[in-house]
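**Q** A structural model of the following input is requested.
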Amino acid sequence: MIPQTVEHWWLTFSIMVLPPDAPQVQHNEMRRAFYAGVWAALTAGRNIIGPQDISEEEGVQIMESWWQECRQFQRDVAEGR
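**A** Alright, predicted model coming up:
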C-alpha cells in the first residue's frame, strides 16, 4: 500500500538522510524544504491537469521528463556529485 501522508514520506526520508545527532535547526530546515518540494510537485501537476491547453500526451511527456530529471539527480547524488 502507498503511504497516505506527506508526513510519512518525510519521516521515512529523514530517517535515511539525517544523522541521529543533527541539530534541530537542520531537521527543521530539511523538513521545510521537503514539504516545499512536495508542494511544488503538486502545484506543477495540478497545472498540467488544469484548464490549460495541454493534451494528455503532453502532460505525460512533461511528467516523464520530471521523472528522468529526478532519476539523474538521484544517480548524481549516489556518485557524490
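
**Q** tell me which residues of the longest helix seen in the chain are tucked away?
**A** Secondary structure assigned by DSSP state H gives helix 24-49 as the longest helix of the chain. Across helix 24-49, burial judged by 16 or more other CB atoms under 10 Å covers 30, 31, 34. Any C-beta I mention is one placed from the backbone N, CA and C, and that applies to glycine too.

**Q** Please list all residues in contact with the closest residue to the second one other than its chain neighbours.
**A** Same thing as residue 31. Nearest residue to residue 31 in three dimensions, chain neighbours excluded: residue 10, at 6.1 Å (CB to CB, 6 or more residues apart in numbering). Counting by CB atoms under 8 Å, 6 or more residues apart in numbering, residue 10 makes contact with 31, 34, 35.

**Q** thought the first one was touching residue 14?
**A** Yes - with contact defined as CB atoms under 8 Å, residue 31 reaches residue 14; the gap is 7.2 Å.

**Q** so which strand or helix has the residue nearest to residue 31?
**A** Assessed by DSSP states H and E, residue 10 sits inside helix 6-17.

**Q** That helix vs helix 24-49, what angle?
**A** Orientation check (axes from the mean of the first three to the mean of the last three CA atoms, to 10 degrees): helix 6-17 against helix 24-49 gives 130 degrees.

**Q** could you give the mean pLDDT of helix 6-17?
**A** Average pLDDT, helix 6-17: 94.

**Q** which of the contacts of residue 10 lies closest to residue 45?
**A** Closest approach to residue 45 among those (CB to CB): residue 35, at 15.5 Å.

**Q** wait, residue 9 sits on residue 41?
**A** No - Residue 9 lies out of contact with residue 41 (CB under 8 Å); the separation is 11.2 Å.
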